[in-house]
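In: Sequence plus predicted model, see below.
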Amino acid sequence: MGSTIFSKIIRKEIPADLVHEDDQCIAFRDINPQAPTHILIIPRKEIRNVAEMEDEDAPLLGHLLRVARDVAKDQGLADGGYRLVVNNGAAAGQTVWHLHVHLLGGRALSWPPG
Ligand code: DGP
């Protein structure tokens, strides 16, 4: 049994606005959006973050990027551009300890990030 809020979303114990679902991952809208489109892509497998992924997880993380590409296209972001963010660790702003890719788009995004 997973211990984070995202495990509860995966198990459908709490609701989320799902935009994609397959055997390896789900994608849903962030509850606190930082851009007009802000979607989280998360593996079903419980991996705390990139630092704690196993080498064998590399294809799974590649799958998350492939899904991010397809969701971005579905959301109409492919032409204008979008940003993918993976916060790793507290200093980077990670607050949920289940690996997730943020997909942000629909506005101009400045660089460098805060
Ligand atoms: P991070 O700071 O990188 O760990 O991002 C965690 C994100 O998760 C943050 O943007 C808010 C989002 N979030 C936290 N709890 C929930 C929830 O219950 N539902 C949804 N949809 N998003 C959540």
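Out: On my side now, so go ahead. Numbering: from 1, shown residues only.
In: contacts and neighbour counts: CA atoms only from here.
Out: Will do.
In: Now do the buried residues in stretch 74-88.
Out: Counting neighbours by 16 or more other C-alpha atoms under 10 Å, one finds that the buried residues in stretch 74-88 are 77, 82-84, 86-88.
In: now, which of those lie within strands?
Out: Using DSSP state E, the members of the buried residues of stretch 74-88 that fall in strands are 82-84.
In: Export those to JSON lines and append columns for distance to residue 62 and pLDDT.
Out: Compiled in JSON lines, those are given as follows (distance: C-alpha to C-alpha, whole Å; pLDDT from 0 to 100):
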{"residue": "82", "distance to residue 62": "17", "pLDDT": "98"}
{"residue": "83", "distance to residue 62": "16", "pLDDT": "98"}
{"residue": "84", "distance to residue 62": "13", "pLDDT": "98"}
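In: measure stretch 68-85 end to end?
Out: Stretch 68-85 has an end-to-end distance of 11 Å (C-alpha to C-alpha, to the nearest Å).
In: for the buried residues of stretch 74-88, which one is nearest the ligand?
Out: Nearest to the ligand, judged by C-alpha to the nearest ligand atom, of those is residue 87 at 4.7 Å.
In: Would you confirm that that closest one contacts residue 98?
Out: No - applying C-alpha atoms under 8 Å, one finds residue 87 not in contact with residue 98, separated by 10.5 Å.
In: List of residues touching the helix or strand hosting residue 26?
Out: Secondary structure from DSSP states H and E places residue 26 in strand 25-29. Contacts to strand 25-29, defined as C-alpha atoms under 8 Å, 6 or more residues apart in numbering, come from residues 10, 16-21, 37-45, 64.
In: Please name the strands paired to it in the sheet, noting orientation.
Out: Applying DSSP bridges to the sheet, strand 25-29 is found paired with strand 18-21 (antiparallel), strand 37-43 (antiparallel).
In: Any residue of that strand touching the ligand?
Out: Yes - Strand 25-29 lies in contact with the ligand when judged by C-alpha under 6 Å from any ligand atom; the contacting residues are residue 29.
In: Since that was my last question, I'll sign off now.
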